[in-house]
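# test case, fold it:
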Amino acid sequence: MDYTWSFRTVWLFKEALLKGTAVTVELTFLAILFGTAAGVLLAFGRLSRLKIVCWPSVAFIELFRALPLLVLLVWLYFCLPIVSGVRISAFTTAAIALSMNLAAFAAETFRAGIEAIPRGQLEVARTLGMTPYQIRTRIVLPQAVRQMMPALVGLYVTMLKLSSLASVIAVGEVLHAANNIIANTYRPLEVYTAIALIYVALVLPATLLSQRLENKALFARKQRPA
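Predicted coordinates:
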């Protein structure tokens with residue numbers, strides 16, 4: 001039997017979809033903000049010569065790179081309250097899980113960028129009397145961020161798409177809103193098509209930005225004197 005498409009359902013529930021999209025963007029923004037900050041700290045921690053700093057950083061990075069995000073979400077939301085007696089909201093749980101996941105992968109990206117900086121620059125900075133904090137903030141991070149920005153944007157795009165997993169713990173993001181609409185209208189094809197278009201609208205600009213930054217970084221490396 002031929003299926004009759006009708007996007008009237010999407011239009012009738014547009015406010016719910018827009019609200020869900022706003023939650024998705026907010027959740028992704030928080031994950032990027034806290035995940036990036038934690039990633040920087042973990043990267044410097046992993047590169048530290050102090051074992052008491054290095055080993056916990058390595059353990060965190062390896063654990064949360066290996067742990068599937070879906071498993072982390074479910075464990076934090078359902079198991080953590082039983083173990084600790086502390087229950088947090090679904091949205092906060094999702095923000096924490098996404099941030100931890102991003103931090104682990106961003107840390108390795110930052111570490112690679114930091115290690116790519118010529119050692120001679122650091123020696124010159126020390127000779128000039130700069131403190132370790134000044135070297136990190138004025139020399140290391142600015143150059144590392146420029147080199148790693150394409151990879152970071154790629155991680156951010158991935159985080160935007162992974163935010164849909166928050167629907168399993170009933171966070172009101174766009175996929176959860178879509179499932180609620182489908183439960184009431186029985187029009188999955190139209191609703192999921194709308195969701196796909198929403199994600200394309202969110203992801204495509206970031207993907208184009210990543211490609212542009214990658215091209216600029218490649219051009220800068222070619223222009224750099226040997």
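# quick check: closest non-adjacent residue to residue 45.
Using CB to CB, 6 or more residues apart in numbering and skipping the chain neighbours, the partner closest in space to residue 45 is residue 57 (3.2 Å). Heads up, the C-betas are built off the backbone N, CA and C, glycines and all.
# separation between that neighbour and residue 172?
In this view, residue 57 and residue 172 are 34 Å apart by CB to CB, to the nearest Å.
# and stretch 113-127, how far apart are its ends?
23 Å (CA to CA, to the nearest Å).
# got a list of contacts for it?
Identification of contacts with stretch 113-127 by CB atoms under 8 Å, 6 or more residues apart in numbering yields 43-44, 47, 134-135, 138-140, 143-145, 147-148.
# nearest to residue 34 among the residues you listed?
Using CB to CB, residue 43 is the member of the contacts of stretch 113-127 that lies nearest residue 34, at 14.9 Å.
# could you turn the buried ones of the contacts of stretch 113-127 into a PyMOL selection?
Of the contacts of stretch 113-127, the buried ones go into a single PyMOL selection, burial set by 16 or more other CB atoms under 10 Å:
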select buried, resi 43+44+47+135+139+140+143+144+147+148
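# between the contacts of stretch 113-127, which is closest to residue 88?
Looking across those and measuring by CB to CB, the closest to residue 88 is residue 43, at 27.0 Å.
# next one: the residue nearest to residue 45 relative to residue 9, how far apart?
Distance of residue 57 to residue 9, given as CB to CB: 49 Å.
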